[in-house]
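Novice: Give me a 3D structure for the following:
(chains A and B)
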Amino acid sequence: MRDWGARLREQLAAEGLQPSAHTEAIDEIADHLTDLHRAALAEGQSPAEAASTIEAELARMGPLALAVAERTRKRRRSLPDTDDWKAGLIADLRHAARAIRLDPGFSAVVIVTLAIGIGACTTVFSIINSLLLRSLPYPDPARLVLLWETDAGNRADTFIVAHPVYEDWKRETRSFESMGLWEYETFNVASAQEPEQVPGIRATESLFRVLGVPPALGRVFTAEEEHPGHQVVVIGDGVWRAHLGGDRNAVGRTIRLNGRPYQVIGVMPRGFEFPGRGNGIWVPMGITDQDRERGSHSFWAAGRLSPGVTFENARADVEQVGRSLQQRFEDNREEGSTITRMSDQGLGSLRTTLTALMGAVALILVIGCVNVANLQLGRALARRREFVVRLALGAGLGRLARQLFAESAVLAIGGAMGGIALTFVATRGADAVLTPGFRSLPFRGDVPITIDGRVLLFAALIALLSAALFGFAPLIGLGRKDPQALLRDGERGSTGAAHLARRALVALEVAMAIVVLCGAGLLIKSLAGLLQVNPGLDPRDVLTLQVSLPQENTYGAPVRESFCADLSRAAEGLPGIRSIGAISHLPLSGANAGRGLSLEGWLPPTPNDGASAGYRLTCPGYFRTLTVPIVEGRDFTERDSTRAEPVVIVNRTMAERYWKGENAVGKRLKLGALQNSNPWMTIVGVAENARHFGLDSDARREIYLPYNQAAWPVMTVVAKTVGEPAAWQSAVRDVVKRVDPDLPVARVMSMEAIVSTSVSWREAPMRLLTGFAAIGLLLAAIGVYGVLAYYVSQRTREIGVRAALGATRAQLAGLVVRQSLLPIFVGLALGVAGSLASGQLLQQLLYQVEPGDPAVIAVITALVMTVGMLAAWLPARRAAAVDPMVALRED
Amino acid sequence: MGDPIIGAAARKGSAELLILSVLEDGQLHGYDIAREISRRSDGLLAFHVASLYPLLYKLEDKSWIQGRWVEKAGQRRRRYYKLTPEGRKMLAAQRSRWEAFVGALTRAAGLKHA
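Specialist: Model prediction:
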């Protein structure tokens, strides 16, 4: 059918009218002519007759041209155009909805693609939102800070606080409404139920004021109760339910903590777990004489800023006091003071991880948008006629762009709804992927990953952004030519620019897929490399469980001197247990302690460079159970008791550091300063290095003391079992029960689980990034496929001619595959460059792998080539199968 | 508007009357206006595109009719015209003038009633 709009335009132009200035009028009249023409045909006129009927209408256009010009002139003068604009927008949206209904297949593909991209982005954002952006669960959380002592030269090197310094801060700073102090302790809670280990703290009464959370029942303790002798306790909701049956009258009842009766004076509300997940016991701080030393850094300190005081001012205030203390006290000579935001605690590596993940999902979304843009370009050729005509009628690129944006926005809204649905599913599954190590944050309790208004707003924003990204693709190639030219070759469309654009887009998405894939590859290689690291112990067939052995004085003589002997006796002769031992700070579990040392006959090079080492207590049998060889001397025995000579085992790094070239066995060392009254301990053995701090962290200096001579309130029992340790869980529990039926057991885990938990913060981002990379690769493959499939469908005729002229199937397939080679190669080059540049983002998560790792790049390149070729092969096969006769008959 | 019943204004007004009348029962787009006039006059009165639209614009200018773009499900976007309250008053006024004119013409020229 003829385009009467174009004809009308010609006629009006012949009358001297500039048609592009009068689109509305021309649209309207063109419609009229089209209707007339259709009616003429319907009445039985021949096409030629119908056309001449319309031509008759078009014969004298003079008055119409004048009226149209006049009308436009009048309209321009009185432009109350907001209404028009709104009406236009609504019309655009309606038009868009219709266009989408007309092509449900296309729309479905677009919406699903966008849903995947938007869903991935929104999921990562909801994690960021839940972990990083959500504030601490206390009133007015922006005013909460942590106070630290620091290395005098380096504010970033913070350490926990000595009590006298805290007192000085309280007296001398002016920025704080309140300040509190606490110390971690694990409590054995005994009740009618199974004894249970519950994390708790000893705290000053002021800490509750700092946090600003009142108890749900009863009261918190008073300053008076901080003095020794007050056996009162505030318990958490969990302890209240588990041990007091959720009794509303629990206040006043007694529970036994570490074997001693405490009176419950208050119950904190559900969800209050300060200072961390699972904390359920708060007892008053009892300050001992040892705590009053300025050198005794034992406490955590938190403060609430006075209203109106900025963080920076408060920091300046505290640092000023720190400098003053430095002047006044010998013990503070090397120390300063500072504060950090409580909300920032423990976020460092998480922030990096989440930034990297956000970068990855943003790329996935862009890849998705590129795919959609490609689809749009393909479809745009079919709609070219519509655009060209509208452009020729003077619609203007801006008007067309608005129309296209409306269409894209409607699709993007569909995608956003799908994406939000995916996010709901994904965040439900986040618990499985985000291991607790990745998710647990200080001062927040358990952080659920949830979807709130902010997440929804984010989804809406990126949906609109995507619409903008892919929406305007069909305009490519329309802007540069004048409408006349476009109109002339309108039927076929000018495929050159669009085809080029589509191939450029494929190159782009291949590049982006490679960036994400390389990121995932680097993380996989890091983790694989890390799991290959020899931890210096054999975690296989080892069961570990924690028991707490309360010690009034942490560093005093063991209250249960016979613990180790009882343990090995209880396990003796049991069929499933090959050996048993215990250690205070299990390797890779995150538990560590360090002590300053004095070595006989060794003087530190400078006074501040004294000897020090990690401090661990073991029962005889520990080294054998974890297969840590004693390279010189001997392991502890039951004879190493409080009545025998004090002994110590050092690790190889320690021996090499202080007794290089000598035999460390027989040398003596003591805890603390040379002048103090601590006894000298004789080194009886040198143990092989084991990695205590992490697989990625080299062994440091360690000393091991026999538990029989120096106690620790929490010991981890380790048992080498015959085969699968889980099968022997109850047997090992029974052993502990035989030692003491009241000892609560916690954290029953295999040593292998402990090793893998120690790398779990790497594992979660690795898994997520791998998942995202897979999605990216799939989308890029779809992109390659889409472009080639379209190419084949457009060239069926040409391919048919070639087939008719004797081209072989292989040649035809090659012709198609060649189309994909250039974009894939360009994409590869760009992608490798991009991954080198972006690899820095991942640096912190990498272990002995550099961002430009050639093996990773080679594997990813090969993978992308293979997938790209597969995606190209399907359309190529179709090209090879083109029947020349059918192809030539087409069109 | 000039008051003499017989005059140039009235003759020209016949086209206006036709348009206003067909819009009395609801809104129509340009093609339908022309078709409706043609239908009601058994094909005797027909508008050409080149004369219909200038008239529509003029009536719209006088605010007797109002055009707006409407999009209906499954159809092209079209510009529909409807009578404004003022247009409705003008229609009534013109009708009575034309009735008087036609009555006078009938009597004076000895025409038969239609």
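Novice: number of nearby residues for the single nearest residue of the stretch 601-750 of chain A relative to chain B?
Specialist: In the stretch 601-750 of chain A, the residue that lies nearest chain B is residue A:696 (63.5 Å; CB to the nearest CB). All C-beta atoms are positioned from the backbone trio N, CA, C, and that covers glycine. For residue A:696, the neighbour count with other CB atoms under 10 Å in any protein chain shown is 16.
Novice: For it, give me its contacts.
Specialist: Each residue near residue A:696 by CB atoms under 8 Å, 6 or more residues apart in numbering or on different chains is listed here: A:530, A:533, A:759, A:847.
Novice: Give the buried residues for the helix or strand harbouring residue A:767.
Specialist: Element membership of residue A:767, judged by DSSP states H and E, is helix A:760-794. Residues A:760-773, A:775-792, A:794 are the ones in helix A:760-794 that count as buried (16 or more other CB atoms under 10 Å in any protein chain shown).
Novice: again with stretch A:128-136
Specialist: Going by neighbour count (16+ other CB under 10 Å), the buried part of stretch A:128-136 is A:128, A:129, A:130, A:131, A:134, A:136.
Novice: next one: stretch A:336-351
Specialist: By 16+ other CB under 10 Å, the buried positions in stretch A:336-351 come out as A:336, A:337, A:338, A:339, A:340, A:341, A:342, A:343, A:345, A:350.
Novice: now do stretch A:655-665
Specialist: A:655, A:658, A:659, A:664, A:665.
Novice: okay but residue A:360 is in contact with residue A:769, surely?
Specialist: Yes. Using CB atoms under 8 Å, residue A:360 is in contact with residue A:769, at 5.6 Å.
Novice: Pull up the overlap in contacts between those two.
Specialist: A:516, A:519, A:520.
Novice: closest to residue A:66 among the residues you listed?
Specialist: Closest approach between the shared contacts of residue A:360 and residue A:769 and residue A:66, by CB to CB: residue A:516, at 62.0 Å.
Novice: hmm, what's the outermost residue in chain B?
Specialist: residue B:74 (28.8 Å; CA atoms, centre = their mean).
Novice: Tell me the secondary structure at that one.
Specialist: Of the three states, residue B:74 takes coil according to DSSP: H, G, I helix; E, B strand; the rest coil.
Novice: per-residue pLDDT, it?
Specialist: At residue B:74 the predicted local confidence, pLDDT, stands at 70.
Novice: contacting residues for it?
Specialist: residue A:98.
Novice: go with 6 Å
Specialist: The contact partners of residue B:74, by CB atoms under 6 Å, 6 or more residues apart in numbering or on different chains, come to none.
Novice: can you tell me how far it sits from residue A:545?
Specialist: The gap separating residue B:74 from residue A:545 is 72 Å, by CB to CB, to the nearest Å.
Novice: Go through the buried residues of stretch A:128-136 and name the one with the lowest pLDDT.
Specialist: The lowest pLDDT within the buried residues of stretch A:128-136 belongs to residue A:134, which sits at 77.
Novice: For the shared contacts of residue A:360 and residue A:769, pick the one with the most neighbours.
Specialist: Top of those by neighbour number is residue A:519, holding 32 neighbours under the definition other CB under 10 Å.
Novice: Stretch A:644-663 - what's its average pLDDT?
Specialist: Rounded mean pLDDT across stretch A:644-663 is 93.
Novice: so how far is the longest helix that chain B contains off the chain centroid?
Specialist: Using DSSP state H, we find that the single longest helix of chain B is helix B:85-109. Mean-position distance between helix B:85-109 and its chain equals 12 Å (CA atoms, centre = their mean, to the nearest Å).
Novice: which parts of it are buried?
Specialist: B:87, B:88, B:90, B:91, B:94, B:97, B:98, B:101.
Novice: Can you give the contact residues for it?
Specialist: With contacts defined as CB under 6 Å, 6+ apart, helix B:85-109 is touched by B:5, B:17, B:20, B:63, B:64, B:65.
Novice: Could you export those as JSON lines, including distance to residue A:370?
Specialist: Converted to JSON lines, the contacts of helix B:85-109 look like this (distance: CB to CB, whole Å):
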{"residue": "B:5", "distance to residue A:370": "72"}
{"residue": "B:17", "distance to residue A:370": "60"}
{"residue": "B:20", "distance to residue A:370": "56"}
{"residue": "B:63", "distance to residue A:370": "51"}
{"residue": "B:64", "distance to residue A:370": "54"}
{"residue": "B:65", "distance to residue A:370": "49"}
